[in-house]
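> with the input below, show me the fold.
(chains A, B, C, D, E and F)
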Protein chains: 4
Amino acid sequence: MTPQRKDAARNSDRIVAVARELVDEGTPLQLNDVARRAELGVGTVYRHFPTTEALLETVATPRLETIATHGHHALEDDDAWRALAGYLTLLVEAQVSDPALAKVSAHGSDALPRTTELKQRILDIGTQLLARARDTGAARPDLADTDLVPLMCGIAYATYVHSDTPTDRLPAARRYLDTLLRGLHA
Amino acid sequence: MTPQRKDAARNSDRIVAVARELVDEGTPLQLNDVARRAELGVGTVYRHFPTTEALLETVATPRLETIATHGHHALEDDDAWRALAGYLTLLVEAQVSDPALAKVSAHGSDALPRTTELKQRILDIGTQLLARARDTGAARPDLADTDLVPLMCGIAYATYVHSDTPTDRLPAARRYLDTLLRGLHA
Amino acid sequence: MTPQRKDAARNSDRIVAVARELVDEGTPLQLNDVARRAELGVGTVYRHFPTTEALLETVATPRLETIATHGHHALEDDDAWRALAGYLTLLVEAQVSDPALAKVSAHGSDALPRTTELKQRILDIGTQLLARARDTGAARPDLADTDLVPLMCGIAYATYVHSDTPTDRLPAARRYLDTLLRGLHA
Amino acid sequence: MTPQRKDAARNSDRIVAVARELVDEGTPLQLNDVARRAELGVGTVYRHFPTTEALLETVATPRLETIATHGHHALEDDDAWRALAGYLTLLVEAQVSDPALAKVSAHGSDALPRTTELKQRILDIGTQLLARARDTGAARPDLADTDLVPLMCGIAYATYVHSDTPTDRLPAARRYLDTLLRGLHA
DNA sequence: GATGAATGAGACTTCATTCAT
DNA sequence: GATGAATGAAGTCTCATTCAT
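All right, here's what the predicted structure looks like:
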């Protein structure tokens, strides 16, 4: 009930925090709902996030950044195959543990330019890692670079189909990815 | 024994046919919508299908049956690996080409007993095929039998993430499944 | 709270009646508002009238019909000038006494085909009456037939500007129209 | 005496300029909107113009002044009829070419005293011109002096009903006014 | 004086479901 | 059995206005 210039940032953070909770609960994001839970006016939420997508992407952004960062490290790994495998593992595990990320990754279009940028970077890293692994003879040439992200989405999705409890999902994800990686290994 | 019964059947068929159209169009199933297109009262649709899920499952049932039937044949194949691979290919391709099937397969709970029964049978067949392939030494032991269906859902999902046009989805599905199968092969 | 097939018509009538009240009060038409006053669900109002315009036009329709009917009689009047003058008087007075009609007449586009049809007919009659009056040498050629309706809207509008109380509007309208007619008379 | 005062004036001018643009575009005046386009805080706009009406009237004021000025000249014209006709033409043309003026002229109540004053002066001039024309025997006695402004509003409105494109409105306005003037001429 | 974030009432619209005929 | 009008909760979003800084 006491909003100020400085609190604009606080409010924004609060909204994102509430959204994160909802996402983790599996509750579908609704701007009204977020407003109520954050104890803010609807208008405030709309000012900060004009659409559900914008909010969801904001929620997912930190993870996207983490992935991108780790990906850049991976590019420096001498072992091309290990680098690729590690990166894909990261991608899958992140999606399995974060529904927001899973949704954003699977969506074709983005609400925020920042999201597009990060997704592009993540894609590019995958492209490079795959190319290196292929050039080294470590990876078979069957898969295209644009297959990588969809496949990681698919594997994450498979774990959601497989079991309701989040705990069970991680081991399942590992099994699925390992099998796939073995199939990709030359 | 009344002429009504014949009408009822006709109505039901019509509803399912319309629902199939909608599903193929990608239009979200809405019972009101179905009623309008089928030129029937909403009440009639509700009488036949109390929920959207019931209707969707009815739409998907023929495919589920096809899969089960083919699966039974697969069980008679001498080549355990070929049988398993063929079956999984069938599963994936069916889901890629039929959004109704994809949804029903991925859903944890069912509205109709018939659906549960068919899904169970499809699962059982998978279990047997995998067991045989494992016993023969054709399949690695990493994957559990309950992984099969989720994985096929995941691959189908990956193709939806990969591209909008239905045409592009089938080749993608093949790539994904082939890689996975290679990883599963002993 | 007891709606039936037969009452569909009754509800529709009720909605129109309420809308008429609101229009006459000068309250801006809002579908929600109408629903509340008619003691009906919002959905019911929306079913009958998808937009405010559709409702407003329905409210105005009877008057449009009256005008058209009278216009057809006017075409049979031997005195071309008297016919034209009478018709225009009718047009103005109707608009002055009915805000719904005034709005619908002034609007360029229509929600209901019926409205378009009636407006066209009213326009056509004006065209014919003006042509006849001109041919007879009774009317000067300055005004085009497409000027008639806008001018009547303008005169009605002038009376709304002139005074708030509906009672004062009619005499004002007569003054305005008489002056205009004198200017049009050859 | 503080530099702020100069800034305040600049801001005010800017707000009015932006409002003028919006009005000319046909965009409905919204104080938030104005603030954004003027690159000022909403609060600033509210400080200068507490309501939309106040702003709209400020936008219209220069035209009102022009009309008043020209009117004063008209009072000195020896030809009473020519003076009246010229004045009314001015009134109509101004309204046809300026939506802000049209709205302000048609509105019964004013937000700013300055507006009331100018409108009164414009009205008075009309009264005097009409009286003179009547006394000279140039104008018929049918119309009252309070009819003049509403009628000009009505004619302007008629041109808005008649056509969407601003270009077509002026000739139409001339036709309408000429006919009316002929009817008023003795 | 200027700022602009916050507010929240309220308008709009959709849709799953019921139930009288 | 069939019909389809009615319902109204619930979600969407806008915008005039306030007020702490």
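> tell me what the helix or strand of chain A with the lowest mean pLDDT is packed against?
Every helix and strand of chain A was ranked by mean pLDDT, DSSP states H and E. The lowest is helix A:5-25, at a mean of 90. Applying 3 or more CB pairs under 8 Å, 6 or more residues apart in numbering or on different chains; DSSP states H and E, one finds that helix A:5-25 makes contact with helix A:31-38, helix A:42-48, helix A:52-74, helix A:99-106. From N, CA and C alone the C-beta is placed, and that goes for glycine too.
> does the first one reach DNA strand E?
No - applying CB under 7 Å from any atom of the strand, one finds helix A:31-38 separated from DNA strand E by no less than 7.7 Å.
> now the longest one
No - contact check for helix A:52-74 against DNA strand E, using CB under 7 Å from any atom of the strand: none in range, with a minimum separation of 13.5 Å.
> where do the domain boundaries of chain A fall?
Per the record, chain A has its domains at A:1-50, A:60-184, by automatic domain parsing.
> residue contacts, the closest residue to residue A:45 other than its chain neighbours?
Spatial nearest neighbour of residue A:45, chain neighbours left out: residue A:35 (4.5 Å); criterion: CB to CB, 6 or more residues apart in numbering or on different chains. Residues near residue A:35 by CB atoms under 8 Å, 6 or more residues apart in numbering or on different chains: A:41-42, A:44-45.
> do residue A:54 as well
Taking CB under 8 Å, 6+ apart, one finds A:111-112 in contact with residue A:54.
> now do the contacts for the residue positioned nearest the centre of chain A.
A centroid search over chain A (CA atoms, centre = their mean) returns residue A:101, at 3.0 Å, as the residue closest to the centre. By CB under 8 Å, 6+ apart, the residues touching residue A:101 are A:60, A:63-64, A:94-95.
> look up phi and psi at residue A:185.
phi -60, psi 140 (degrees, to the nearest 10).
> how much space between it and residue C:104?
74 Å (CB to CB, to the nearest Å).
> higher neighbour count, those two?
residue C:104 (25 against 16; other CB atoms under 10 Å in any protein chain shown).
> what sits closest to that one if chain neighbours are left out?
Using CB to CB, 6+ apart and skipping the chain neighbours, the partner closest in space to residue C:104 is residue C:60 (4.2 Å).
> sketch out the low-pLDDT regions of chain A for me.
Residues of chain A that meet the criterion pLDDT under 70 lie in A:1-5.
> kindly recompute the last result at 50.
Along chain A, the parts satisfying pLDDT under 50 run over A:1-3.
> who in it is up against chain C?
Within chain A, not a single residue sits near chain C (CB under 8 Å from any CB of the partner chain).
> from what I can see residue A:90 touches residue A:69, true?
No - between residue A:90 and residue A:69 there is no contact under CB atoms under 8 Å: 10.2 Å.
> which one of those two has more residues nearby?
Each of residue A:90 and residue A:69 has its neighbours counted (other CB under 10 Å); residue A:90 has more, 17 against 11.
> quick one: residue A:148 and chain D, what's the gap?
Distance, residue A:148 to chain D, by CB to the nearest CB, to the nearest Å: 43 Å.
> just want the residue of chain A that's nearest DNA strand E.
Taking CB to the nearest atom of the strand as the measure, the point where chain A comes nearest DNA strand E is residue A:43, at 1.9 Å.
> neighbours of that residue, just the number please.
Neighbour tally, residue A:43, other CB under 10 Å: 9.
> what's the answer for residue A:100, then?
24.
> with just CA atoms, put stretch A:157-170 into PDB.
Extracted as PDB, the C-alpha positions of stretch A:157-170 are listed here (Å, rounded to 0.1, in the frame of the first residue of the first chain):
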ATOM      1  CA  TYR A 157       8.400 -33.400 -21.700                       C
ATOM      2  CA  ALA A 158       8.800 -37.100 -21.500                       C
ATOM      3  CA  THR A 159       9.700 -36.900 -17.800                       C
ATOM      4  CA  TYR A 160       6.600 -34.900 -17.200                       C
ATOM      5  CA  VAL A 161       4.600 -37.600 -18.900                       C
ATOM      6  CA  HIS A 162       6.400 -40.200 -17.000                       C
ATOM      7  CA  SER A 163       5.700 -39.100 -13.500                       C
ATOM      8  CA  ASP A 164       4.000 -36.400 -11.500                       C
ATOM      9  CA  THR A 165       6.400 -36.100  -8.600                       C
ATOM     10  CA  PRO A 166       9.300 -33.800  -9.500                       C
ATOM     11  CA  THR A 167      11.700 -36.000  -7.600                       C
ATOM     12  CA  ASP A 168      11.300 -38.900 -10.000                       C
ATOM     13  CA  ARG A 169      11.900 -36.700 -13.000                       C
ATOM     14  CA  LEU A 170      15.600 -36.200 -12.700                       C
END
